[in-house]
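Asker: sequence and computational prediction follow.
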Amino acid sequence: MAVHPVTLTPAAQKFVLHWGEMGQAWGINRTMAQVHALLFVAPQALDAEEISRLLDVSRSNVSTSLRELITWGVVRRVHIIGDRRDRFEALKDVMETFRVIMAERKRREMDPTIALLEHCVHEAESGGDAEDYTREQLEKMLEFTRMVTTWYSQIDRLSTPALQRLFRGGAKLATLFGISGTPAPETAEAKTGKKSATG
């Protein structure tokens, strides 16, 4: 399989730069986000030297970013017959990338948070009346965090076509819950309540 030098088109450059900025906003290293963006739009697997050249960053920075991206599961190492260099490619399926990133964020962020909140609630319970307010607030946060992780688990079980339908149906969901530009229709109970109040 022939490997041709890769160049970044203007559109690809804009995407890579923006993805790096977004990565920083999400608490991810800028170079790591740029490496992921580059591999996502690259038509073929790239080696570390090519990535370093295209992004104009050091090899050591690229190597660190690649190791982290492989740990996340959004980049994998590939080999080409006749080429002794390691090459790297990103997941190309957007939905699969979403699943992998969400699962990793849950493992790194939500699971430790739930464990900490459970410990804090238990500690507050043994603190007597002085800890009642703190315990109530922590229990609220724990319940919410558990609810979010349960929601994620349910979403993750959906097939890719079902997940796409869910995302595309966002406007319908917004209308259903009354958060679109059009007010949600009143229920029969609400109408009856209004009549009673004015009658």
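Answerer: Yep, it's here. Note that the structure is predicted; figures quoted are calculated from it, not measured. Residues are numbered from 1 along each chain as shown.
Asker: distance from the lengthiest helix in the chain to the middle of the chain?
Answerer: What stands out as the longest helix in the chain, according to DSSP state H, is helix 132-156. Put simply, helix 132-156 sits 18 Å off its chain's centre (Cα atoms, centre = their mean, to the nearest Å).
Asker: cool, stretch 95-115 as well?
Answerer: 7 Å.
Asker: neighbouring contacts of it?
Answerer: Here stretch 95-115 makes contact (Cβ atoms under 8 Å, 6 or more residues apart in numbering) with 40, 72-74, 90-91, 142, 145-146, 148-149, 152, 155-156, 160, 163-164. (C-beta placed from N, C-alpha, C; glycine too.)
Asker: one more pass at 10 Å, please.
Answerer: With contact meaning Cβ atoms under 10 Å, 6 or more residues apart in numbering, stretch 95-115 is reached by 26-28, 36, 40, 71-74, 90-91, 93, 141-142, 145-146, 148-149, 152-153, 155-156, 158-161, 163-164, 167.
Asker: show me the protein divided up by domain.
Answerer: 10-91, 95-168 (automatic domain parsing).
Asker: pick the most buried one from the ones you listed.
Answerer: Highest mean neighbour count of those: domain 10-91, a mean of 17 (counted as mean count of other Cβ atoms under 10 Å).
Asker: need the strands for this structure, in chain order.
Answerer: 46-47, 75-80, 83-90 (DSSP state E).
Asker: average pLDDT for the shortest one?
Answerer: This points to strand 46-47. Computed over strand 46-47, the mean pLDDT rounds to 95.
Asker: adjacent strands (with direction) for that strand?
Answerer: strand 83-90 (antiparallel) (DSSP bridges).
Asker: circling back: Thr175: which of the domains of the chain is closest?
Answerer: Smallest distance to Thr175 across these (Cβ to Cβ): 13.7 Å, for domain 95-168.
Asker: endpoint to endpoint, the closest one covers what distance?
Answerer: Start-to-end span of domain 95-168 (Cα to Cα, to the nearest Å) is 13 Å.
Asker: tell me how far that domain lies from the chain's centre.
Answerer: 14 Å.
Asker: pLDDT of that domain, averaged?
Answerer: 91.
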